[in-house]
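Undergrad: show me how the following folds:
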Amino acid sequence: MTPDEFITRYEQALASQEWEMVEPLIHENSSVTFSNGQIHRGKGAVEKAFRTNFDLIKEEEYAMSDLHWVLKNETFAICTFVYHWSGVINRKPASGSGRGTSSLVKEGEAWQLVAEHLGPNS
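TA: Coordinates of the predicted model:
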């Protein structure tokens with residue numbers, strides 16, 4: 001798998017709203033910062049945060065665009081992107097978007113997300 005293929009798989013896994021699809025893509029020492037400023041460190045904390053979002057947002061659609069590779073080599077890759085999501089929260093339509101940065105590391109033959117920071121569009 002290449003970093004580009006990883007991002008496609010990650011986007012699809014998030015859109016599935018199933019942790020079991022996302023889990024193999026997350027590094028044990030991962031750190032994810034959501035756009036509200038909450039930081040989730042370690043795979044267990046990331047799992048809890050993602051499961052909470054999956055439970056909260058029903059019928060979610062998630063997409064990444066404007067992908068730009070800052071660095072990409074044999075074992076490490078960093079990309080920036082724009083993200084959009086929409087779904088239903090408490091029976092009401094909801095949506096959001098922003099900019100993100102993902103850092104990937106290659107462990108053996110598999111690429112994994114080691115850090116992600118999501119922020120506003122500004």
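Undergrad: residue farthest from the centroid of this structure?
TA: Outermost residue of the chain with respect to the C-alpha centroid, by Cα atoms, centre = their mean, is Arg91; its distance is 24.3 Å.
Undergrad: before we move on, what SS does Glu74 have?
TA: The three-state assignment at Glu74 reads coil, by DSSP: H, G, I helix; E, B strand; the rest coil.
Undergrad: hang on, it packs against Lys106?
TA: Yes. Glu74 is within contact range of Lys106, at 6.9 Å (criterion: Cβ atoms under 8 Å). In this view, the C-beta of every residue, glycine as well, is placed from N, C-alpha and C.
Undergrad: show me where the protein has its strands.
TA: Ranges of strands within the chain are 26-33, 39-41, 58-72, 76-89, 92-107, 110-119, based on DSSP state E.
Undergrad: quick one: residues in contact with the first one.
TA: Yep, that's strand 26-33 we're talking about. Residues from elsewhere that reach strand 26-33, judged by Cβ atoms under 8 Å, 6 or more residues apart in numbering: 39-43, 46-47, 49, 105, 107, 112-119.
Undergrad: and the angle for that strand with strand 92-107?
TA: 130 degrees (axes from the mean of the first three to the mean of the last three Cα atoms, to 10 degrees).
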